[in-house]
Each structure stands twice: as C-alpha cells, then as structure tokens.
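Peer 1: Got a predicted structure here, sequence first:
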Amino acid sequence: MPKLSDTMVEGVVAEWHKKVGDEVSAGELLAEIETDKATMEFESFYDGVLLHIGVDKGAAAPVNDILAVIGDKGEDVKKLIAEEAKSAPEKVAEEPKKEAAAPAPVAAPVAAKAAPVAAAPVVKVASPAPPASNGKVIASPLARRLAEERGINLAFIQGSGEGGRIIKRDIDNYQGGTSSFVGVESFSEEPVSQMRKAISRALGGSKFTAPHFYLTIELDMDNAMAARKSINNSIAPAKVSFNDLIVKASAASLKKHPKVNSSWLEDRIRYNDHVHVGVAVAVDEGLLVPVVKFTDGKSLTQIGSEVKDYAGRARAKKLQPDEMEGSTFTISNLGMFGIEEFTAIINPPNSCILAVGGIVEKPVVKNGQIVIGNTMKLTLSCDHRVVDGAVGSAFLKTLKEYIENPIVFLGAQSI
C-alpha cells in the first residue's frame, strides 16, 4: 500500500482496474486508492502479470501492507505471501503505530449503507382483545385501574400478556382509536470513511487543543449588493458572487492584519506574508477545503473561477492533495443554506476561521429612521494562543469597512 499523502496511515481500494492473471505494464493504471485526502489513481511500477491482490475492493490496509504482487506468469507467490503474513506481528512490535498529524478536512467516498435492521415492534394497538369464556376482557388489576384513570376502553386493546391478558405495558403503549399501528425500530450503519476519520483527527484535535473564542459582527450589505449588481451588469468578464467578494475582502484585510494570518507551531508562531485562503466546500461525504493561493493578488473573477472549479472537482472527488494544503486562513459560508449565524472550528494550522451567514432583509436604523435594510453576520473563531481579542476585533473592523464600502479596496484591476 503506497503512502500517497504526507498524513496517510492507511488506504482503501476504491477500484481495481486489473484482475489476477492480467498483464500489467509499468505506468499503467492499476487501482484507485482512497486516502485521507482524495481518491487517487495508482500506477504500476513494474511490468509483468498480476499474480495476487492483497486488498479487496472496498477494504482498507495500512501503508506498506501488500497491495498486490506482480511477477512472471505462472510464478508461485504463496510462499512470499505466507512469509509476509508471518512477519506482520513482528513489524507491529518493532514499529509502534505513530499518530498522524492532523490534516485539514478532506473528502473520501462513503461506503454503501447497510440494509435497515428491523427490531421487534414496540407498540401494538390492534383489534379488540379476545374475551374470556364468560364474555369479559382479561386484564390485570393494575391495567384496569390505569385504563379507568385514562379513560381507555379495554375492548380496543390487544393484550400482550399470557393468554391475551392486558397488562400495564399495553395501557402505556395504547395510542387511541380502533385502527392498528405497529411501530418498528430500525437503523442503518456504514463504515467510517477515510475523510470522516481525517475530519475527526483534525477538527477534534483543533477544538480540544486550541482555546477557541468567537467574535461576531453585523454588516450593512446594501452597498455590497449594489456594487455586485453593477459589477455583474457592466464590468466583470464573469459573474461574481457575494462569497467571492468576502474572500477578496478577507485577503485584503489579512494584509493589514498579519497577526491573523498566522499559525501556532508549538514552540513558535508563524506570521505568513503570503495570503492563501481556504474556502470550505460541502460535498455529500462531508467537507473539503481547497485553497486559493496568493488570494490578495487575484481579481474577483479569478477568485470566483478558481472556487467554482475547485467545487466542481471536489464533488467529483478529483481534487489533488496539494490543492487542499497550505491555507493561512479559512472561510466557511453557510449563508446559501439559510443559516444566519454560526461558529466554525479552526482549520489547523490556521489560527482563525471566518463563518459567514446569509443576507437577511429586516428593519434597521439609518440616520435616525427605521427602514428596510439588508444585513449579514460574520463570526471569527480565533486561537487564543496566537490571536487576542483586540487583534481579532481590529481585523473584523477592517473587513466590515471593506465589505460595506467595496470601492475602498476594489479597483478596476481587482474585478
């Protein structure tokens, strides 16, 4: 099993492109391997015949375990495989398992869901209980008392006790009426994907290691809405979104506040001169964070084009690991889902992440008058080991000024 990313500790075979007995040439596509960051094509290093497949499709194996054996046609590899299996316990003893570094959130295929597992019915309300030989309904004294207190006609309850006897459980489960209803407990389970494991390691480590604090600010979006409309109608070579505007304004703000564009490295703090903004993208299996490199030097349309391309390839599981590495700041936007405000977990090794809510039309006060306005809330999550409240607040103040007055930081070359 090849090590296809710096944080990969195991891989899942997503697809085999060869079967045992097929001829294989060096450089020919052999399999697709799901890592903690992406599904990647794996090419053969050798010429020969595929003699043995060590990891079935959908199965996982640690790095350096036998993935396949390629050799001469008819060659017996049973002894080789047996020796490898025999030496596996020794390898575990000699090489203690190392904890992988926490990666950024990345994607991987989700395994097929298991069929729902049905349990025994938990509620029964059926036809009237069978009467005793003397014409009376059989019920325990406690069941009769509870039925009387609750105004329940015992004739409409199917007893679950011995011989159809109505007991307390039947009274508690009675739903009323004369129709039948059977409730069934069911559930489905699926294996944890490589991406979800990576998210668990990265964000679990971030949340419980970095002391988070949160700063929220509300923006007047009227000018930004007007500016975007004007840009899209007359200036921009391609349509720009509010998210593109926020990414560009954040990059400009980071240049003014480099302490926010930083990383905690245990024994030192790194202040980045370059600005690489990670933009969270939701996919079916979870979350990806592709990185727009040198964001401050790119125009709105360049940023929009890159993010759109990343999002499309993310959903198709075609992003490469280097396209999801190196961020110095992250933005997560849930406004399109109708979320007005939320807090996000810092994406290590960044020291901050910006959570973007949706634009809301509501009454606001302008010039002493109540009018209808458009507002948006931003929440900055900060690692208190690196960024103090005053530093984070100053960054948000600049960002607010930029977004509320796009002309301040946008020139023709920025569009």
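Peer 2: Received, thanks. Here the structure is a predicted model, which is why all the values come from computation and not from measurement.
Peer 1: rest of the way, CA atoms for contacts and neighbours
Peer 2: Will do.
Peer 1: and Val364, what does it touch?
Peer 2: By Cα atoms under 8 Å, 6 or more residues apart in numbering, the residues touching Val364 are 370-373.
Peer 1: Can you tell me the element it falls in?
Peer 2: strand 360-366 (DSSP states H and E).
Peer 1: would CSV of the contacts of Val364 with distance to Lys136 and secondary structure be doable?
Peer 2: Shown next, in CSV, are the contacts of Val364 (distance: Cα to Cα, whole Å; DSSP: H, G, I helix; E, B strand; the rest coil):
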residue, distance to Lys136, secondary structure
Ile370, 72, strand
Val371, 72, strand
Ile372, 70, strand
Gly373, 71, strand
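Peer 1: Now list the buried members of those residues.
Peer 2: Buried subset of those (neighbour count, 16 or more other Cα atoms under 10 Å): Gly373.
Peer 1: Now compare the contacts of Val364 and name the two farthest from each other.
Peer 2: For the contacts of Val364, the maximum inter-member distance is 9.1 Å, found between Ile370 and Gly373 (Cα to Cα).
Peer 1: Now do the shared contacts for the two.
Peer 2: In contact with both Ile370 and Gly373: 363-364, using Cα under 8 Å, 6+ apart.
Peer 1: Can you tell me which of the contacts of Val364 comes closest to Glu28?
Peer 2: Nearest to Glu28 among these, with distances taken as Cα to Cα, is Gly373, at 59.6 Å.
Peer 1: And the closest one, how close does it get to Glu41?
Peer 2: 51 Å (Cα to Cα, to the nearest Å).
Peer 1: Check His274 too.
Peer 2: 31 Å.
Peer 1: Which one of the two is surrounded by more residues?
Peer 2: His274 (18 against 15; other Cα atoms under 10 Å).
Peer 1: nearest residue to the more buried one other than its sequence neighbours?
Peer 2: Leaving aside its sequence neighbours, His274 sits nearest to Phe294 (Cα to Cα, 6 or more residues apart in numbering; 6.2 Å).
Peer 1: Could I get the buried residue list for stretch 233-246?
Peer 2: 236, 239-246.
Peer 1: could I have that stretch exported to CSV, CA atoms only?
Peer 2: The C-alpha trace of stretch 233-246 is given here as CSV (Å, rounded to 0.1, in the frame of the first residue of the first chain):
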residue,chain,number,x,y,z
ASN,A,233,-24.1,44.0,-15.2
SER,A,234,-21.3,46.1,-16.8
ILE,A,235,-17.7,45.4,-15.7
ALA,A,236,-16.9,41.8,-14.8
PRO,A,237,-15.9,39.4,-17.5
ALA,A,238,-17.7,36.7,-15.5
LYS,A,239,-20.3,36.7,-12.7
VAL,A,240,-19.1,37.3,-9.2
SER,A,241,-20.8,36.1,-6.0
PHE,A,242,-21.0,37.5,-2.5
ASN,A,243,-18.6,34.8,-1.4
ASP,A,244,-16.0,36.0,-4.0
LEU,A,245,-16.4,39.5,-2.5
ILE,A,246,-15.9,38.2,1.0
